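J.: Have a look at this prediction, sequence included:
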Amino acid sequence: MAMPINWGIKKLLLFCLFILLAELVFARLSMLGYNFLIIRQITGFIFLNFIPGILILRIFKIYNLGLVRTTLYSVGLSISSVIFVGFFFNTTYPYIGVSKPISILPVTFTFSAFIAVLILLAYIRNKNFYPAKTVQIKNQKPSLSPFLFLILLPAIAALGALLV
């Protein structure tokens, strides 16, 4: 299975749009009083910790880094971009009349717009990208530890959010 950074651009953007739409739906349902606790935390975790970094890597046309480097770079870029965007709208929104910039509506709107801009830029920069065909050696067994770590990371984050 290929990493999302090595997917074709349409497949990657459809995945990002699906996560964006899921986050918007769960945020709206949360505003209406319906809470899907674990699912909302998992989609929010993916939405904020992986999607911006993967899209930024695609904008810079960085591919084929391997599982560990792709994960580390995408998480690092995601966290730094989320911090920067959060700082920017927290300091500018009060000047344009938003009294509570760190509430669910402005935060959801801002990060959704940020991801939408990243999706657009990634599409513009990678219109003609086609993933390289890889040959898999059938005698090697892939290590399960990186996959188990990646699968358990959102679950641990959601559990931690529930226990706090």
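T.: Yep, that arrived.
J.: so where do the helices sit in the chain?
T.: 9-31, 37-49, 51-59, 67-92, 104-125, 145-163 (DSSP state H).
J.: ok, and what's touching the first one?
T.: Around helix 9-31, the neighbours that count as contacts under CB atoms under 8 Å, 6 or more residues apart in numbering are 4-5, 7, 35-36, 39-40, 43-44, 46-47, 51, 54-55, 58, 104-105, 108, 112, 115-116, 119, 122-123, 126-127, 129. In this view, the C-beta of every residue, glycine as well, is placed from N, C-alpha and C.
J.: what do you get for the second one?
T.: Taking CB under 8 Å, 6+ apart as the criterion, the residues outside helix 37-49 that touch it are 19-20, 22-23, 26-27, 30, 75, 78-79, 82, 111, 115, 153-155, 157-158, 161-162.
J.: any idea of the angle that helix forms with helix 104-125?
T.: 50 degrees (axes from the mean of the first three to the mean of the last three CA atoms, to 10 degrees).
J.: export helix 37-49 as PDB, just CAs?
T.: Listed next in PDB are the C-alpha coordinates belonging to helix 37-49 (Å, rounded to 0.1, in the frame of the first residue of the first chain):
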ATOM      1  CA  LEU A  37     -17.000  11.600  20.500                       C
ATOM      2  CA  ILE A  38     -14.500   9.100  19.200                       C
ATOM      3  CA  ILE A  39     -15.200   9.700  15.500                       C
ATOM      4  CA  ARG A  40     -15.000  13.500  15.800                       C
ATOM      5  CA  GLN A  41     -11.600  13.200  17.700                       C
ATOM      6  CA  ILE A  42     -10.200  10.800  15.100                       C
ATOM      7  CA  THR A  43     -11.300  12.900  12.100                       C
ATOM      8  CA  GLY A  44     -10.100  16.100  13.900                       C
ATOM      9  CA  PHE A  45      -6.700  14.400  14.600                       C
ATOM     10  CA  ILE A  46      -6.200  13.400  11.000                       C
ATOM     11  CA  PHE A  47      -7.500  16.800   9.800                       C
ATOM     12  CA  LEU A  48      -5.100  18.800  11.900                       C
ATOM     13  CA  ASN A  49      -2.100  16.500  12.300                       C
END
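J.: Of all the residues in it, which ones are buried?
T.: By neighbour count on 16 or more other CB atoms under 10 Å, the buried set for helix 37-49 is Arg40, Gln41, Ile42, Thr43, Gly44, Phe45, Ile46, Phe47, Leu48, Asn49.
J.: what angle do that helix and helix 67-92 make?
T.: Using the same axes, to 10 degrees, helix 37-49 lies at 90 degrees relative to helix 67-92.
J.: Report the distance from helix 37-49 to the chain centre.
T.: Here the centre of helix 37-49 is set off from its chain's centre by 9 Å, with CA atoms, centre = their mean, to the nearest Å.
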